[in-house]
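S.K.: The sequence isn't on hand, but the structure is:
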């Protein structure tokens, strides 16, 4: 049979921490659970027009006609796993998924080439219940799906000379959280990127990049406070830190939990830990002043002395 060079999305999915499953459930119980999982993944693959290239122990390799089909299948695979009831001894089954879209050599149902190697490497970077993809794959997704993608980090991939940008697809929707520059909680990004969580008006906002705050509607976070300036402040991401920069008339007041209030006037402050930010006046002087609460999670950062 002649090899055909075509563009496909190659997806790998495997059971996370299968060794633990065998230890907890025994050979028969774990094997049955994983076998049932493989059947579900195979069913979902066919539903979105893909086919199984091969199964690999506790994992599966499959191919799809395009990035969108692979993304939809990956999201449904994760949802199916999340909906499964816990087994005896509260054992739960989780999978990790990675895929890459590129040119492959296809011979029947088999596929070969660098795209397969990249997809396998990306899958190895994913953690339980997450979907990792490459930047090149993210660029091929339709807008509705690309909306769910955020960049994680650049990582070296085995066998590749160049660093590959790793992204993640958020497959869960939250009714209470709003995510900016990243739209899912409890993700692989938590391990490799700093994030700033802000609680304001009974909603939670998670930022991974810089943002602007003030009364003007063009800000990333619109502050409903008469003493706040139209363009009151901004928070910049600098490497693994978030820096609050006051640019207001009346000042910005920062309180790190357990520490004294700091007044900023045309100055800046490195955020850390958790605390609150007030706009235009100090809460100590006016208790009803508008405040936002924040938590800054920056891997490897320690609190200033």
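M.R.: Cool, the structure landed. All values derive from a computational prediction rather than experimental measurement.
S.K.: if I pick residue 270, what's in contact with it?
M.R.: Contacts for residue 270 (Cβ atoms under 8 Å, 6 or more residues apart in numbering) come out as 241-244, 304. Just so you know, the C-beta spots here come from the backbone N, C-alpha and C atoms, and that holds for glycine as well.
S.K.: Tell me which other helices or strands the helix or strand where residue 292 lies touches.
M.R.: Taking DSSP states H and E as the definition, residue 292 sits inside strand 291-297. In terms of contacts (3 or more Cβ pairs under 8 Å, 6 or more residues apart in numbering; DSSP states H and E), strand 291-297 is packed against strand 195-200, strand 273-279.
S.K.: Partner strands of it, with direction?
M.R.: strand 195-200 (antiparallel), strand 273-279 (antiparallel) (DSSP bridges).
S.K.: got the buried residues for it?
M.R.: Within strand 291-297, the residues that count as buried by 16 or more other Cβ atoms under 10 Å are 291-292, 294-297.
S.K.: Now flag whichever of those is closest to residue 152.
M.R.: Taking Cβ to Cβ as the measure, residue 152 lies nearest residue 297 of these, at 14.4 Å.
S.K.: hmm, back to that, adding distance to residue 93 and mean pLDDT, write the strands paired with strand 291-297 out as JSON lines.
M.R.: Putting the strands paired with strand 291-297 into JSON lines (distance: least, Cβ to Cβ, whole Å; pLDDT from 0 to 100) gives the following:
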{"stretch": "strand 195-200", "distance to residue 93": "28", "mean pLDDT": "89"}
{"stretch": "strand 273-279", "distance to residue 93": "34", "mean pLDDT": "95"}
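S.K.: Quick one: those as TSV, columns for distance to residue 20 and mean neighbour count too.
M.R.: Shown next, in TSV, are these (distance: least, Cβ to Cβ, whole Å; neighbours: other Cβ atoms under 10 Å):
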stretch	distance to residue 20	mean neighbour count
strand 195-200	28	20
strand 273-279	33	21
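S.K.: ok, back up a step: tabulate the buried residues of strand 291-297 in JSON lines, adding columns for pLDDT and distance to residue 28.
M.R.: Shown next, in JSON lines, are the buried residues of strand 291-297 (pLDDT from 0 to 100; distance: Cβ to Cβ, whole Å):
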{"residue": "291", "pLDDT": "96", "distance to residue 28": "57"}
{"residue": "292", "pLDDT": "96", "distance to residue 28": "53"}
{"residue": "294", "pLDDT": "95", "distance to residue 28": "50"}
{"residue": "295", "pLDDT": "93", "distance to residue 28": "45"}
{"residue": "296", "pLDDT": "87", "distance to residue 28": "47"}
{"residue": "297", "pLDDT": "78", "distance to residue 28": "42"}
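S.K.: would JSON lines of these with distance to residue 81 be doable?
M.R.: Compiled in JSON lines, the buried residues of strand 291-297 are given as follows (distance: Cβ to Cβ, whole Å):
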{"residue": "291", "distance to residue 81": "40"}
{"residue": "292", "distance to residue 81": "35"}
{"residue": "294", "distance to residue 81": "33"}
{"residue": "295", "distance to residue 81": "29"}
{"residue": "296", "distance to residue 81": "32"}
{"residue": "297", "distance to residue 81": "26"}
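S.K.: quick one: which of those residues is nearest to residue 40?
M.R.: residue 297 (33.6 Å).
S.K.: what about residue 71, how many residues close to it?
M.R.: Residues within reach of residue 71, counting by other Cβ atoms under 10 Å, total 31.
S.K.: helix, strand or coil for it?
M.R.: Following DSSP: H, G, I helix; E, B strand; the rest coil, we place residue 71 in the helix state.
S.K.: so it touches residue 141, yeah?
M.R.: Yes - counting by Cβ atoms under 8 Å, residue 141 is a contact partner of residue 71 at 6.0 Å.
S.K.: before we move on, back to that, closest one to residue 263 among the strands paired with strand 291-297?
M.R.: The nearest among the strands paired with strand 291-297, by Cβ to Cβ, is strand 273-279 at 9.6 Å.
S.K.: So residue 33 sits against residue 93, correct?
M.R.: Yes - using Cβ under 8 Å, residue 33 is in contact with residue 93, at 6.0 Å.
S.K.: Pipe the strands paired with strand 291-297 into JSON lines and attach distance to residue 116 per row.
M.R.: Output for those, formatted as JSON lines (distance: least, Cβ to Cβ, whole Å):
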{"stretch": "strand 195-200", "distance to residue 116": "33"}
{"stretch": "strand 273-279", "distance to residue 116": "44"}
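S.K.: Quick one: closest of those to residue 115.
M.R.: Closest of the strands paired with strand 291-297 to residue 115 is strand 195-200, at 31.0 Å (criterion: Cβ to Cβ).
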